[in-house]
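# the following comprises the amino acid sequence and a computationally predicted model.
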Amino acid sequence: MSTIVEIMTKKEWPIWEVFIRSKNGLEHRHAGSLHAADAEMALENARDVYTRRQEGVSLWVVESKHIVASNPSENGEMFEPAADKAYRHPTFYVLPDELKHM
Amino acid sequence: MELDINKLEVDFQARIDAGENIEPKNWMPEKYRKTHIRQISQHAHSEIVGMLPEGNWITRAPNLRRKVGLLAKVQDEAGHGLYLYSAAETLGISRDELFDQLHTGKAKYSSIFNYPTLSWADIGAIGWLVDGAAIINQVMLTRTSYGPYARAMVRICKEESFHQRQGYEMMLTLCNGTPAQKAMAQDALNRFWWPSIMMFGPRDEESPHTEQAMKWKIKRKTNDELRQQFVDNTVPQAELLGLTVPDPNLKWNEERGSYDFGPIDWDEFWQVVKGNGRCNKERLGARVKAWEEGEWVRDAAIAYSEKKGNKKEAKKAS
């Protein structure tokens, strides 16, 4: 069901974000982005562009439009709850030096 | 509203001064955004156009070792273009717009790529000198204030060092070869020395944007500082090859701890920037041709993915 407008507007390949987990890595890390027409092409292009030097054993690609990000201008409010909770850190707890294995 | 902008600008400069990165969703002055779109995209265009003078010699590499090295380097340059286009796109401009700017001459690319590669030795000279100059600039830019640009530089720098080593190894082979091979290497150095020096741009006094670029930490060192670093690094490398740098005024300055070097032909620089270099038309022509002749591929890929999508929808519905 294409309208005249759809036919006349050239469709750009969408942007995908690429995440790679390295051989010794524990998690996927953001490597960069690329344009591809579909998921299969995105995966193959990610392999070609971001793993030329055996950077990874696992690839994830996600269309950029599906990523939801926090708003940096709201960082203050967003991350405020953790700011005054030093008791979540091991160093908050006072224990004698002679104590071992803790 | 006036007051808000002033506060935003003050906060923005404070972030820069504190050494924090600016990320895509942060507020930024319009000039900062536009400057980055121009600088990052021109850097990206340079990588892609830079594939052309080297691509010219892939089919004529003298042996397999040289051929695979050159192929890998040219592949890397495509990848570098991608990282940079991606960084530029975070600033609110599409890939299609960026290509349109290149193809219509609205955006520039590094002038060095408007010089021809006349002999195999040029490939060695380019890897040694052109990538060498690029590395100096790019290492500096790993500390640039705009996050996506800095991260692209980190990735690029990791890959770039093999480029320079590959070029220098070629020069070494030629200089340790027959007199004809050594002469070919010397000739390549003679033609690429000054254009490589010019890669760092106009002198600081003639560079009106430098002050603002330093204030916003877009640049961390000036054109002349980087240029001096390049000369100081490279002259001993030429001596190791037994080649002569084509500058009769080149002289070690004990007091400065640096090399003094001769005057740069700024007429040539501006002529090439304006479009009158040896290969300007050829380079741009090649890019436009690739884009236009590849249109059916881009369209077919979209059509195919939509067709697959429709088939999937139909299957779900049935």
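All right, it came through fine. Numbers count the residues shown, from 1 in each chain, chains lettered A, B, ... in the order given.
# any regions of the stretch 101-250 of chain B where pLDDT drops low?
Counting by pLDDT under 70, not a single residue of the stretch 101-250 of chain B qualifies.
# tell me which parts of it are close to chain A?
Within reach of chain A by C-beta under 8 Å from any C-beta of the partner chain, the stretch 101-250 of chain B has these residues: B:A152, B:R155, B:E159. All C-beta atoms are positioned from the backbone trio N, CA, C, and that covers glycine.
# in contact with the nearest residue to the second one once chain neighbours are set aside, which residues?
Read that as B:R155. Nearest non-adjacent residue to B:R155, counting by C-beta to C-beta, 6 or more residues apart in numbering or on different chains: B:Y83, 5.6 Å away. B:Y83 is in contact with A:G32, B:A152, B:R155, B:I156, counting by C-beta atoms under 8 Å, 6 or more residues apart in numbering or on different chains.
# which members of those are positioned in strands?
The strands, defined by DSSP state E, take in A:G32 from the contacts of B:Y83.
# now, which of the contacts of B:Y83 lie within helices?
B:A152, B:R155, B:I156 (DSSP state H).
# quick one, what contacts B:Q42?
B:A107, B:K108, B:Y109, B:S110 are the contacts of B:Q42 under C-beta under 8 Å, 6+ apart.
# I'd say the first one and B:H45 touch.
Okay, so that is B:A107. Yes: counting by C-beta atoms under 8 Å, B:A107 does reach B:H45; the two are 5.9 Å apart.
# about what we covered before: buried subset of the ones in helices among the contacts of B:Y83 as a PyMOL selection?
A single PyMOL command selects the buried members of those (16 or more other C-beta atoms under 10 Å in any protein chain shown):
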select buried, chain B and resi 152+155+156
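# circling back: which residues do B:A107 and B:H45 both contact?
B:L98.
# those two: which has the busier surroundings?
Ranked by neighbour count (other C-beta atoms under 10 Å in any protein chain shown), B:A107 and B:H45 place B:H45 first, with 26 against 18.
# name the element that one belongs to?
Element membership of B:H45 [criterion: DSSP states H and E] is helix B:30-55.
# what do you get for A:V62?
Assigning secondary structure by DSSP H and E places A:V62 in strand A:58-63.
# that strand pairs with which strands?
Applying DSSP bridges to the sheet, strand A:58-63 is found paired with strand A:15-21 (antiparallel).
# residues contacting A:N45?
Per C-beta under 8 Å, 6+ apart, neighbours of A:N45: A:L34, A:A36.
# same question, A:Q54
A:K23 are the contacts of A:Q54 under C-beta under 8 Å, 6+ apart.
# in what helix or strand does the closest residue to A:W16 other than its chain neighbours lie?
Spatial nearest neighbour of A:W16, excluding adjacent residues (C-beta to C-beta, 6+ apart): A:A42 at 4.3 Å. Taking DSSP H and E as the definition, A:A42 sits inside helix A:39-50.
# cool, B:A286 as well?
helix B:280-293.
# between that helix and helix B:30-55, how big is the angle?
Put simply, helix B:280-293 runs at 90 degrees to helix B:30-55, going by axes from the mean of the first three to the mean of the last three C-alpha atoms, to 10 degrees.
# need the phi and psi values for the residue nearest the centre of chain A.
Residue closest to the average C-alpha location in chain A (C-alpha atoms, centre = their mean): A:H30, at 4.4 Å. Dihedral angles of A:H30 (phi, psi; degrees, to the nearest 10) stand at phi -70, psi 120.
# close to chain B: what parts of chain A are there?
Contacts of chain A with chain B, taken as C-beta under 8 Å from any C-beta, map to A:10-13, A:15, A:32-35, A:37-38, A:41, A:49-50, A:52-53, A:69, A:71-73.
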